[in-house]
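**Student:** Model the following, please.
(2 chains)
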Number of protein chains: 2
Amino acid sequence: MKETVLGIDIGGTYTKYGILDRDGNCLAEDFMSTDVYREFDAYLENLHSVIENTIQGLNEEITLMGVGIGAPNGNYYKGTIEHPPNLNWKGIIPFIERFKAYFKNMPMVLTNDANAAALGEMIYGGAKGMKDFIVITLGTGLGSGIVVNGNLVYGHDGFAGELGHVNVKLKGRDCGCGKKGCLETYVSATGIKRTVFHLLGERTCESDLRNVSYTDLTAKMITEAARKGDLIALEAFEYTGKILGSKLADAVGHTSPEAIFLLGGLAKAKDLIMNPTIQYMEENLLPIYRNKIKVLLSSLQETNAGVLGASALASNELEKNHRSL
Amino acid sequence: MKETVLGIDIGGTYTKYGILDRDGNCLAEDFMSTDVYREFDAYLENLHSVIENTIQGLNEEITLMGVGIGAPNGNYYKGTIEHPPNLNWKGIIPFIERFKAYFKNMPMVLTNDANAAALGEMIYGGAKGMKDFIVITLGTGLGSGIVVNGNLVYGHDGFAGELGHVNVKLKGRDCGCGKKGCLETYVSATGIKRTVFHLLGERTCESDLRNVSYTDLTAKMITEAARKGDLIALEAFEYTGKILGSKLADAVGHTSPEAIFLLGGLAKAKDLIMNPTIQYMEENLLPIYRNKIKVLLSSLQETNAGVLGASALASNELEKNHRSL
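**Tutor:** Below you'll find the predicted structure:
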């Protein structure tokens, strides 16, 4: 019987999951809606049943060794999801406690999605063999997972690694967290869109982006416009990379990583975001750090990075427990 | 024979050292000049001979188990001091390699002074029993030591924990590191002095500080003026705490510590610096972190914190090696 782990990636819109073997090969994966469930109980009931169906549908016998869950505001120590801004369920959700009722005695571990992505990068991706690195996820918001000396940094409360909310500008852009001027309001798929709208007001140059509403505009459209030489889109990437680079320089001053990996929708713009990010990071680095911190695109496949990360979390935990025996 | 460690704290002006037993009790301590030595060889020769004299002068027999050194730009992995801005010796100084010639086969370990202070806090001070905390030293500059999960963060290159050089303001104040707008140009004994001079130009209110030259002004004088209600001094503390608080909030977003300890000249102002720092840190924290991060004054005695830290570094290393046997 093949040893496997179950990786679950809980997002605001979809919950994706996969059954992976211990080498990270995906035997099956699927997804279901997250946001249609007003009640957490109904969500959990359905999540369990779709997963059971997926396992039944496998054409080989497996042993499920553990479950890893990546979730917004996931608390590693408590197995809870706490006050998630983009989920329907409010307050402190005892995810693992409740989910364990469906999987008797199964080892389960939960952390935030970006932390899971960092473990995915370490176990299956470009950070193999690295002991100190940071993963930045550039999706709707900006998430981060920090690895120090081979271990994910959880902090005293399980919530470490929230670079999306370091301050860029006092009294800056409104953030979903209730603060103003947070990094993710400038640097994320949403952040660059906000920058484009600001620039459309500031500049008089022609731009295809003038024909798109705020609701309709996506990071992908901004990327495509920039590739065609659209001045607004190009300036938006430059501005975004400038802010990201400066904050990555600050992050280096904290944990001095060997590499920083970028992942997520905005990272798909590749050189458009990488070039200004690297340039401004280097300019802002203390001289002792210059020309030695790699900024790299994540090598995880975008579509299943979350699931891969969550399963890496489970694998890593099993490995840790095995070690301590 | 009593087991002891030697702690050496290398500063720009003085080099302090002490012989401590394994419980952190100081059997003897002394200091010598650092800056009178143009040549590193002469410095090292003299450092060794004053230490030997101190050991000879002890009225009990000791066994020296190890040496810990705290030094600016100290590289833990290499035992080097690299491009120190405030020392006479330039380039990369192979401190441990050279110093070992005087102490045959003695275990020696070196890191930057703020990292050493963090270990001092963990082993002998207020961070006993804590696994995640940060120590900020507020002297001529701003140093920091970050502890994650019970271990000091060194980073991939041995230089982690340089919060003094995170960016406060683009094109801000000139910093000794060559950049502009670094945190230590605002928050340190020198930083608050620069703020006072800025405010003396901005404001028209009376202030005793108008009678003091830039060269003569000290953080202690600013503290005393503030205690007497001097408006410039009070505003300078408010401004300094505001910037420190905001950057501590960012630091929390990286490693989520249980506590942050302040140490050094400016920390002696106690509530004058603590109150605005805590207020603005809380305002800038992501809600999940609020009201749970302690900001505390270091419990290490100011005068020997560096030596205590350096000896804690040595003790910690001996302990780590012992553990791995």
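
**Student:** show me where the stretch 51-200 of chain A has strands.
**Tutor:** A:62-70, A:74-75, A:80-82, A:92-93, A:108-111, A:133-138, A:142-148, A:151-152 (DSSP state E, counting those that start in this stretch).

**Student:** Who are the packing partners of the third one?
**Tutor:** Read that as strand A:80-82. strand A:74-75, strand A:92-93, helix A:95-99 (3 or more C-beta pairs under 8 Å, 6 or more residues apart in numbering or on different chains; DSSP states H and E). Using the backbone N, CA and C atoms, a C-beta is placed for each residue, glycine as well.

**Student:** can we see that at 6 Å?
**Tutor:** strand A:92-93 (3 or more C-beta pairs under 6 Å, 6 or more residues apart in numbering or on different chains; DSSP states H and E).

**Student:** how distant is the strand it packs on from the center of its chain?
**Tutor:** 20 Å (C-alpha atoms, centre = their mean, to the nearest Å).

**Student:** go on, stretch A:140-150?
**Tutor:** 8 Å.

**Student:** wait, does that stretch contact chain B?
**Tutor:** Yes - on the criterion C-beta under 6 Å from any C-beta of the partner chain, stretch A:140-150 is in touch with chain B at A:Val148.

**Student:** what's in contact with that stretch?
**Tutor:** A:113-115, A:117-118, A:131-137, A:153, A:161, A:163-164, A:183-184, A:187-190, A:255, B:148, B:153 (C-beta atoms under 6 Å, 6 or more residues apart in numbering or on different chains).

**Student:** Around chain B, pick out the residues from chain A.
**Tutor:** Close to chain B, as judged by C-beta under 6 Å from any C-beta, chain A has residues A:132, A:148, A:153, A:155-157, A:159-160, A:162, A:165-167, A:177, A:246, A:250, A:253-256, A:258, A:284, A:286, A:288.

**Student:** Okay, the residue of the stretch 101-250 of chain A found nearest chain B and B:Asn275: tell me how far apart.
**Tutor:** The nearest approach of the stretch 101-250 of chain A to chain B comes at A:Gly155, 2.5 Å away (C-beta to the nearest C-beta). Separation of A:Gly155 from B:Asn275 (C-beta to C-beta, to the nearest Å): 25 Å.

**Student:** What about A:Lys100, how many residues nearby?
**Tutor:** Residues within reach of A:Lys100, counting by other C-beta atoms under 10 Å in any protein chain shown, total 16.

**Student:** picking up where we left off before, what about burial for the contacts of stretch A:140-150, which qualify?
**Tutor:** The neighbour count (16 or more other C-beta atoms under 10 Å in any protein chain shown) marks A:113-115, A:117-118, A:132-137, A:153, A:161, A:163-164, A:183-184, A:187-190, A:255, B:148, B:153 as buried among the contacts of stretch A:140-150.

**Student:** Tell me which residue lies nearest the centroid of chain A.
**Tutor:** What sits nearest the mean C-alpha location of chain A, by C-alpha atoms, centre = their mean, is A:Ala114, with 3.5 Å.

**Student:** can you redo the strands of the stretch 51-200 of chain A as a markdown table with mean pLDDT?
**Tutor:** Listed next are those as a markdown table, based on pLDDT from 0 to 100:
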| stretch | mean pLDDT |
| --- | --- |
| strand A:62-70 | 95 |
| strand A:74-75 | 92 |
| strand A:80-82 | 94 |
| strand A:92-93 | 95 |
| strand A:108-111 | 95 |
| strand A:133-138 | 96 |
| strand A:142-148 | 96 |
| strand A:151-152 | 95 |
